[in-house]
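Trainee: Provided below are the primary sequence and the corresponding predicted coordinates.
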Amino acid sequence: MPQQHVLTPEQISELATRLAGLRLSWSLAELGRLTDELGWTVEAPPRHEGDAAIARTGLAVFDGLASVALFGDGEGEIVVKVSDPADKGTVTATEVNRDAFATAVRAVTDVVGEAVDRRPGEDPEVRWPATSGTLRVTQGLYFVELALVSEKYLRRRDEALELSFEDEDDEAAGDAW
């Protein structure tokens, strides 16, 4: 099996420092300034309102791209993959993703301090406060990602996730009858 590439702790720390220090209103008008400040280039602008732009980061994992969603009205997120994709469902992939996640969490903690929220589980997530929102490291099925998310957008996502869990609980309770 090919070895999964993960950003070094130093690369993750530098990225976390830069993302955590950004001052954003989350307006699409900030896209040029944002990419210039990060040293990124816009690969594909958003096609429609509510779409994300794709930026080339220069980082050598997966495709070297980031999703930059600036929705305005204080909502948006910037998502960067810090690992290559893992082969879903294999024991090795689970271990590799777990190790990449732990590396990313340590690297972010080293530069921004202790996390304010840790969410264990099948798709673990760790969060830290940032100037324009929340930094978070997530471990999904395929990738480990570092993101800066606006507070408003994160709150809406959390509420939607809670509702989906409540729906699952309601369905499970219905199955018991």
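Mentor: Looks like it arrived, so ask away.
Trainee: contact partners for the residue most central in space within the chain?
Mentor: Among the residues of the chain, the one closest to the centroid is A147, at 3.1 Å (CA atoms, centre = their mean). Neighbouring residues of A147 by CB atoms under 8 Å, 6 or more residues apart in numbering: L19, E77, I78, V79, V80, L135, R136, V137, T138. (Each C-beta comes from the backbone N, C-alpha and C, glycine too.)
Trainee: got it, and T131?
Mentor: A20, G21, L22, R23.
Trainee: CSV for the contacts of A147, including neighbour count, secondary structure and distance to E125?
Mentor: Output for the contacts of A147, formatted as CSV (neighbours: other CB atoms under 10 Å; DSSP: H, G, I helix; E, B strand; the rest coil; distance: CB to CB, whole Å):
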residue, neighbour count, secondary structure, distance to E125
L19, 24, helix, 16
E77, 21, strand, 13
I78, 27, strand, 16
V79, 18, strand, 13
V80, 26, strand, 15
L135, 25, strand, 11
R136, 22, strand, 6
V137, 27, strand, 7
T138, 19, strand, 5
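Trainee: could I get those as a markdown table with pLDDT and distance to A29?
Mentor: As requested, those are arranged in a markdown table below (pLDDT from 0 to 100; distance: CB to CB, whole Å):
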| residue | pLDDT | distance to A29 |
| --- | --- | --- |
| L19 | 98 | 19 |
| E77 | 97 | 17 |
| I78 | 98 | 15 |
| V79 | 97 | 20 |
| V80 | 97 | 21 |
| L135 | 98 | 23 |
| R136 | 98 | 25 |
| V137 | 98 | 28 |
| T138 | 96 | 28 |
